[in-house]
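J.: Kindly return the folded structure for what I paste below:
(chains A and B)
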Amino acid sequence: MTLTNPITREENDESWNGPLVSFRNFGVNFKTFDGTLTALEEVDIDVYRGETVGIIGESGCGKTTLATSIMGLVADNGIVQGEVRLKGEIVADSEKSGVNYRKLKRKERRMLSEKLINLRWKEASMVFQGSMNAFNPAYTIEKQIGEVFKIHTNLTTGEIRQRIIQVLEEAGLNSSVLKAFPHELSGGMKQRAVLAMALALSPSVIIADEPTTGLDVVIQAKIIHELKRIKNESKKAMIVVSHDIGVVSQLAEKVVVLYAGRIMEIGNTWDVYQRPLNPYTLALMRSYPSLEKSRRRMEGIPGATPPPYAERKGCLFADRCEFADNRCIEEKPELREMDPGRFTRCHHAEKLKELSPESEKEVEMLSSPIIEEEDVIVRLEGVKEYFTLRTSAGGSLFSKEFGSKYVRAVDDLTIDIRRGEIFGVIGESGSGKTTLGRVIIKLLDATSGRVTYFHHGSDGVQSLEHDIHPGLDVRKPEHGTKRERKATRTPSTIEITSAKEKDQTIRAFRRFSQLIFQDPYDSIDPKMSVYDVVNEPLIAHRVTKDPLESRDMIASALSTVHLIPPENFFERFSHELSGGERQRVTAARALVLRPEFIIMDEPISMLDVSLRAGFMNLILEMRKNFEISVLYITHDLASARYVCDRLLVLYLGVGVESGNTEDVVRNPAHPYTRALLNAVPKPTPDWNPGAVEIIGEIGNAIDVPKGCRFYRRCVYAQEVCRDTPPPRMDLEKNHWYLCHFNLDQLKKIHEGTENRSE
Amino acid sequence: MQTEHRTLALANETVKEAVRRARWKYTEPPLGILAIILMGMGLYSAFYGYDKFFIFTPDILFISGIFVMFVGAWYDFGAASYAKDLKDYYHKSISESDATYINKQQLIMTLVYIAIGILYILTGIAIYVISTHI
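T.: I've put the predicted structure just below:
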């Protein structure tokens, strides 16, 4: 379907031969109370018709400032250098933008505003980061998209309605969403609606600022597919801003790597990805957890981005660069053309050019430790967690449907988590991952089923009794070899589900098990210093009354998570730490009691891409050094493959596949697992997001199908799947999936479906 | 299947518990008001003499009891807003049996309010009887 805009922009586009977007020596500094902050400097980029440019870099590198400048949206405190042109018209420059905008005469301001109004949405539109916030919650989708037409065109109400339906279809939605309010749409639908709004006037340039951030992997693949289709069909220019290298690799032909406001490298996407000519790009690629490379040891980028107010002398990446020498610290590198179309800002680009992609560094492969199958730490037997839907008194009193309205967050789950292993739980949002974690740790009481915790103290039950009492030295070293220690251990069990909250055993369990939350920005009290945060569990469990001892324990926990020297962190507050450091503090808080079992609920999802590898390595290190068992909850399959020994794929509260990580990733059996794995963006040209075999979006866990939970979304679904619960199919040792069909049958169904579609 | 039934039974218990809690939520205000009247009048009488307590309290309680009964008879206990929510947010219509169930619950609540009204009146009578013996 093609758009037939009454204002035919395509003809104008074709007549315009120059760059649609052009940055010339563009820079932005922001004046703040703390000083002048440089957001961008010396940016020279041209974007032509039909071209897609990707902008990548860590948080705070100036990606969004760059994108919003094209719309003429420079903040009032911005000092602009150079200029940005959109189809030859200046949209931001040193005279009329930022702080100088206020100095313009009223007439000049009005003229500039009118010019920008005419350019915005018509010539350049933007898909803003976070679709959840891009819409006004009080307006329907129809009204909000209609606004674009009302302001910029002379169409009648009927015509506007027709055009809205057209653009919604163009973005992969149907007219049923017209009367919906934003909160009634799922994340993916909302993102598509934002895309529809951006497409409304068929602009020459579409700017997508983190278009898939915050979306589930399946929805992300679908949005990438839509964007690719729009790009191919309409031949528009597109600027994709993202920290996700996989997403940018799929959409952009040209990539710009930004670091602390400076362009570090520009070039063809695949060239840049395969043969980076800048140490920063190389480090970024090494730290990106892609699915196919994720068994290789990854390295995070050491250090942090330079402070925003610091003097910008020499190469800004020098502190973190493995190639850096004195020249890098003293002399600012210029952006040089190394090959036609390949620019880099590095004194040592020649050295990088000589590196062949394979010989970059010796690749270290991760090895999984040997874990004893019988040595279970947590056992779940038929665990169910149902939430009732009534909240208001009226609802409770008058709803007649006794026993039929539940959110089946976790439904009949039986798993064993072994001592010393990292057990991964993967699935989309709403699949019940976090609820499962909370049930295990008894933050929620299970509706039915049994959760048992096996504590291995040095002398079984006695040790449990001893551990309950205060004053235990948790750091007391165990003597003898590992084998001898194991031989002397006798497990004592704690029935978590049946125990009462005030029971001594639960108090002991709270000490052996810890939780690391998803968001390090929310999980640390901003009024507490790092010392107090890490000291809190010691106080709560009355571990020691000796302040010197607790100080040593805190220092040891901080050193374990590489916050060295720990004394430097004691008095710091959370706002003085980077995201990665905050998450390390939460890890130290969990480790200070030397627990046996830690639940990590999406611990890296809020971290910057360069910090993720570092934290994942820390998890592996923690397991190795302290023999900790981990329940790793995530929707990021690449990170799950990197850290986990075994995986459980959860869909609407039901475990649909489980097995050793490599077995599940290499030979996925369940249709849902296959779809999930196919949906992970791969930085290779042959990845096809359209080939993700899954229908629609994850439903609610209330009106679930009687048979297979995945029935409504499964492309292999047959009549039997609707009403009959699927049996468990065993493949290899430990590898099973829930389905009515074996692998051969699935293959045959798939061939049949393909033939029909042909 | 057996475990499914057992789980639903357990979940049903929480639902029934929620119904009990909702009923208590509606019962609390008139009982609270009764307690406030008794305490308020008690405090007033402590300052101005117990004779006034015995004169006014039975009358106030009798009138309040009748008022509570009328409230129970006329108030819908949130049924209208529940029906509206059902229609607007869950896009569901109310069937004949749903309406019967809602009416039954309303009747139970009305009876509870009548009982509370009677409690007001009985308390008033008790205070009157005590006053005749002092």
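J.: Quick check: which element contains residue 117?
T.: No chain specified, so I'll use chain A. Take DSSP states H and E as the rule and A:Ile117 turns out to sit in helix A:106-119.
J.: wait, chain B
T.: In the assignment (DSSP H and E), B:Gly117 maps to helix B:96-133.
J.: List the buried residues for that helix?
T.: In terms of neighbour count (16 or more other C-beta atoms under 10 Å in any protein chain shown), helix B:96-133 has its buried residues at B:98, B:101-102, B:105-106, B:109-110, B:112-114, B:116-117, B:119-121, B:123-124, B:127-128. To be clear about C-beta, it is placed using only N, CA and C from the backbone, and glycine gets the same treatment.
J.: next one: stretch A:508-521
T.: A:508-520.
J.: How about stretch B:34-45?
T.: For stretch B:34-45, the buried set under the neighbour-count rule, 16+ other C-beta under 10 Å, comprises B:Leu34, B:Ile37, B:Leu38, B:Met41, B:Ser45.
J.: what do you get for stretch A:242-253?
T.: If you call a residue buried by 16+ other C-beta under 10 Å, then stretch A:242-253 has these buried ones: A:Ser242, A:His243, A:Asp244, A:Ile245, A:Gly246, A:Val247, A:Val248, A:Ser249, A:Gln250, A:Leu251, A:Ala252.
J.: what's the answer for stretch A:304-319, then?
T.: Across stretch A:304-319, burial judged by 16+ other C-beta under 10 Å covers A:Ala304, A:Thr305, A:Pro306, A:Pro308, A:Gly314, A:Cys315, A:Leu316, A:Phe317, A:Ala318.
J.: any idea of the mean pLDDT for it?
T.: Along stretch A:304-319, the predicted local confidence has a mean pLDDT of 82.
J.: go on, stretch A:503-513?
T.: Per-residue pLDDT values across stretch A:503-513 average out to 86.
J.: What of stretch A:348-363?
T.: Averaging the model's pLDDT scores along stretch A:348-363 yields 66.
J.: I'd like to know which of the buried residues of stretch A:304-319 is nearest to A:Gly659.
T.: For A:Gly659, the nearest member of these is A:Ala304. The distance, counting by C-beta to C-beta, is 38.2 Å.
J.: Which secondary structure state is assigned to the closest one?
T.: For A:Ala304, the reduced secondary structure class is coil; criterion used: DSSP: H, G, I helix; E, B strand; the rest coil.
J.: Give the full set of residues in contact with it.
T.: Residues touching A:Ala304, when contacts are defined by C-beta atoms under 8 Å, 6 or more residues apart in numbering or on different chains, comprise A:Arg320, A:Ser578, A:Gly580.
J.: Now the residue nearest to the spatial centre of chain B: closest residue in space that isn't a chain neighbour?
T.: Closest residue to the average C-alpha location of chain B: B:Thr27 at 3.0 Å, with C-alpha atoms, centre = their mean. Counting by C-beta to C-beta, 6 or more residues apart in numbering or on different chains, B:Thr27 lies nearest to B:Val112, which is 5.9 Å off, once chain neighbours are set aside.
J.: hang on, the one you found packs against B:Tyr75?
T.: No - no contact is recorded between B:Val112 and B:Tyr75 when judged using C-beta atoms under 8 Å, the distance being 11.4 Å.
J.: Need the residues touching each of those two.
T.: In terms of C-beta under 8 Å, 6+ apart, B:Val112 and B:Tyr75 are not both contacted by any residue.
J.: picking up where we left off before, what comes up buried for the helix holding A:Ile117?
T.: Neighbour-count burial for helix A:106-119 [16+ other C-beta under 10 Å]: A:Leu112, A:Leu116, A:Leu119.
J.: Can you lay out those as CSV showing pLDDT?
T.: Formatted as CSV, the buried residues of helix A:106-119 follow (pLDDT from 0 to 100):
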residue, pLDDT
A:Leu112, 88
A:Leu116, 87
A:Leu119, 86
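J.: can you give me the mean pLDDT across the helix or strand containing A:Thr673?
T.: Assigned by DSSP H and E, A:Thr673 falls within helix A:671-679. With pLDDT averaged residue by residue, helix A:671-679 scores 89.
J.: How about stretch A:23-38?
T.: Throughout stretch A:23-38, pLDDT has a mean value of 88.
J.: swap in stretch A:614-634?
T.: Averaged over stretch A:614-634, pLDDT sits at 88.
J.: Could you pull out the buried residues of that stretch?
T.: Within stretch A:614-634, the residues that qualify as buried are A:614-620, A:622-623, A:628-634, counting by 16+ other C-beta under 10 Å.
J.: Can you pick out the ones from the residues you listed that are in strands?
T.: Within the buried residues of stretch A:614-634, residues falling in strands by DSSP state E are A:Ser629, A:Val630, A:Leu631, A:Tyr632, A:Ile633, A:Thr634.
J.: Now the third one: closest residue in space that isn't a chain neighbour?
T.: In space, A:Leu631 comes closest to A:Ile599 once its chain neighbours are excluded; the distance is 4.6 Å by C-beta to C-beta, 6+ apart.
J.: Just say helix, strand or coil for the one you found.
T.: Secondary structure state of A:Ile599, per three-state DSSP, is strand.
J.: Let me have the buried residues of stretch B:34-45 in a markdown table, adding distance to A:Val654 and secondary structure as columns.
T.: Output for the buried residues of stretch B:34-45, formatted as a markdown table (distance: C-beta to C-beta, whole Å; DSSP: H, G, I helix; E, B strand; the rest coil):
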| residue | distance to A:Val654 | secondary structure |
| --- | --- | --- |
| B:Leu34 | 51 | helix |
| B:Ile37 | 55 | helix |
| B:Leu38 | 56 | helix |
| B:Met41 | 61 | helix |
| B:Ser45 | 66 | helix |
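J.: What residue in chain B comes nearest to chain A?
T.: B:Gly78 (2.9 Å; C-beta to the nearest C-beta).
J.: what's the nearest residue to that residue if we skip its chain neighbours?
T.: Among residues not flanking B:Gly78 along the chain, A:Gly394 sits closest, at 2.9 Å (C-beta to C-beta, 6+ apart).
J.: check contacts around that neighbour.
T.: Taking C-beta under 8 Å, 6+ apart as the test, what A:Gly394 contacts is B:Ala22, B:Phe77, B:Gly78, B:Ala79, B:Ser81, B:Tyr82.
J.: go on, A:Thr560?
T.: If you count contacts by C-beta under 8 Å, 6+ apart, A:Thr560 has them with A:Ala588, A:Leu591, A:Met622, A:Asn625.
J.: Could you tell me whether A:Asp416 really is in a strand?
T.: Yes - with three-state DSSP as the criterion, A:Asp416 is part of a strand.
J.: Would you confirm that it contacts A:Asp375?
T.: No - counting by C-beta under 8 Å, A:Asp416 stays clear of A:Asp375, with 9.7 Å between them.
J.: Secondary structure element holding B:Ser64?
T.: Following DSSP H and E, the helix or strand that holds B:Ser64 is helix B:50-74.
J.: of all the buried residues of stretch B:34-45, which two lie farthest apart?
T.: Going by C-beta to C-beta, the pair spanning the buried residues of stretch B:34-45 furthest: B:Leu34 and B:Ser45, at 16.6 Å.
J.: Any regions of the stretch 601-750 of chain A where pLDDT drops low?
T.: Per-residue confidence of the stretch 601-750 of chain A (counting by pLDDT under 70) places the weak regions at A:684-686, A:690.
J.: Ok, chain B next?
T.: Chain B contains residues with pLDDT under 70 at B:1-15, B:88-91.
J.: quick one: the residue in the stretch 451-600 of chain A positioned nearest to chain B from A:Asp601, how far?
T.: Shortest the stretch 451-600 of chain A-to-chain B distance, computed as C-beta to the nearest C-beta: residue-wise this is A:Thr497, at 11.8 Å. Noted for A:Thr497: a distance of 20 Å to A:Asp601, by C-beta to C-beta, to the nearest Å.
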